[in-house]
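**Student:** Need the 3D shape of this:
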Amino acid sequence: MGNLTNKLFRLEERNTSVRTELIAGLTTFISMSYILAVNPSILGDTGMDRGAVFMATALAAAFGSIIMGLLANLPIGLAPGMGLNAFFTYSVVFGMGVSWQFALTAILVEGILFLLMSIFDVRENIFNSIPSSLRLGISGGIGLFITLIGLLNSNMVVKDASTGLTRFSFNTGVPFNSVGITVVLTFIGIIITACLVINNIKGGIFFGIIATWVLGIVCEVMGWYVPDAELGMYTLFPHFSGFSIPSLKPTFCQFDFMEVFQHMGTFLIVMFTFFFGDCFDTIGTLMGVATSSDLLDENGKLPRLKQALIADAVATGVGALLGTSTTTSFVESKTGTEVGGRTGLTAIVVGLLFVASIVLSPIFLAIPSFATAPALIMVGVMMTKSFSDIDRSDLREFIPAFICFIAMPFMYSIAEGISMGIISYVLINALTGKAKKVHPIMYVLAVLFVVRYAFL
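**Tutor:** Below you'll find the predicted structure:
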């Protein structure tokens, strides 16, 4: 069995082992598992059955991750994407006044379009046309982006009506034993995780998550952490009382093609917005994880990229069939590669754990966001190191990479950062006498992004 696994996933070639891949898969899953709680909450605001959305989220993530591992042999986990689910609910259903069935139909069509583009190498050619400086900027920018996610999840950074974002303050009237203690626990978790990583402890990021969660449980026992549902603070103890597996029926294959034909203009806008967001979130994630994890070949290309893009596209379509927003490659996969995950076995472990989460959901949903925040922040630190590899002496390369790097966290979107980076790269090089060095596909992408901003 061991030899078969080694041969199938090329473990020795990638300098890894079954044990390492198992730990990496578990680490990635725990970093991604917040989606099991967040996605039903966001999509549920549209009127969708939250239990069915939970099932759809778990099954779409399981299918996507397993097919990624089998087809592409890459340590990339998939699940319904953050940002895209918020767009689904608040911009499409609420903002445009259409049904959630209408939005699911747009995602199904988007998945089919993605699949065709992946089969005919359109997405792969896009990936390979992006210059190395932008790739490094994308990787570093994703690091900043997921660091911000970690800071927000932990309440160390909070949204402020006047300034947008600010640090958490204990003088705002919020009780210390609710939100305040989670800030302290997150900071302690960051220190613990940093020490484990610095000392090269295998699975250090995963153990940092567990340590932070256990400290939270201790604080709840001591009365220092008091659950408060109104503030989104729940008990840290898993409980199985009244547990039952939800039905998928309320969301399964719930499409509305009649509404699509009645609002074709709106449908095209929605579908292409999902399309652009998913396409470049996926490309950015694959590029960022691969670049910072030494998964690229000697020519700077990602082996089996076509298979990875096909897996991502199929997962999007399957997710729509099950009843969830766009399923995409998760940047949190970097937590698994940081503990040594290098093959598709990591992704398969992620998928199997999402299946297990259906039965063991009380345990996984009990892990709070402040416990996974140190992992995201530490991964962000590691990913930003790629930015230092950009040649600062060539400003034609450095400036667009910096724009890409900084736009992702400030615009709170991987796709927007890539858009800004590509447009600026093309314009700066074209206007300073280096138009010929820019790949033709980059010109096409820049035009499409400008059109998107003008009309979408």
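**Student:** Could you point out the helix or strand that follows the helix or strand hosting Gly284?
**Tutor:** Mapping Gly284 onto the secondary structure by DSSP states H and E places it in helix 264-292. Remark: after helix 264-292, the chain's next helix or strand is helix 305-322, criterion DSSP H and E.
**Student:** What is that following helix packed up against?
**Tutor:** Other elements packing on helix 305-322 under the criterion 3 or more C-beta pairs under 8 Å, 6 or more residues apart in numbering; DSSP states H and E are helix 50-72, strand 78-80, helix 100-119, helix 122-129, helix 264-292, strand 327-329. For every residue, glycine as well, the C-beta is placed using N, CA and C.
**Student:** Just want the angle from that helix to helix 122-129.
**Tutor:** Taking axes from the mean of the first three to the mean of the last three C-alpha atoms, to 10 degrees, helix 305-322 and helix 122-129 form an angle of 130 degrees between their directions.
**Student:** ok, back up a step: name the stretch from the helices and strands packed on helix 305-322 that approaches Lys301 most closely.
**Tutor:** helix 122-129 (5.9 Å; C-beta to C-beta).
**Student:** Restricting to C-alpha, output that closest one in PDB.
**Tutor:** Coordinates of each C-alpha in helix 122-129 appear next as PDB, following Å, rounded to 0.1, in the frame of the first residue of the first chain:
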ATOM      1  CA  VAL A 122      -7.200  29.300 -22.400                       C
ATOM      2  CA  ARG A 123      -6.800  29.500 -18.600                       C
ATOM      3  CA  GLU A 124      -3.400  27.800 -18.700                       C
ATOM      4  CA  ASN A 125      -2.100  30.200 -21.300                       C
ATOM      5  CA  ILE A 126      -3.300  33.100 -19.200                       C
ATOM      6  CA  PHE A 127      -1.400  31.600 -16.200                       C
ATOM      7  CA  ASN A 128       1.800  31.200 -18.200                       C
ATOM      8  CA  SER A 129       1.700  34.700 -19.800                       C
END
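**Student:** so what secondary structure elements neighbour it?
**Tutor:** The elements that helix 122-129 packs onto, with contact taken as 3+ C-beta pairs under 8 Å, 6+ apart, are helix 100-119, helix 264-292, helix 305-322, helix 440-455.
**Student:** what comes up buried for that helix?
**Tutor:** By neighbour count on 16 or more other C-beta atoms under 10 Å, the buried set for helix 122-129 is 122-124, 126-127, 129.
**Student:** is it possible to export those residues to CSV including distance to Gly47?
**Tutor:** Written out in CSV, the entries for the buried residues of helix 122-129 read as follows (distance: C-beta to C-beta, whole Å):
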residue, distance to Gly47
Val122, 36
Arg123, 33
Glu124, 38
Ile126, 36
Phe127, 37
Ser129, 42
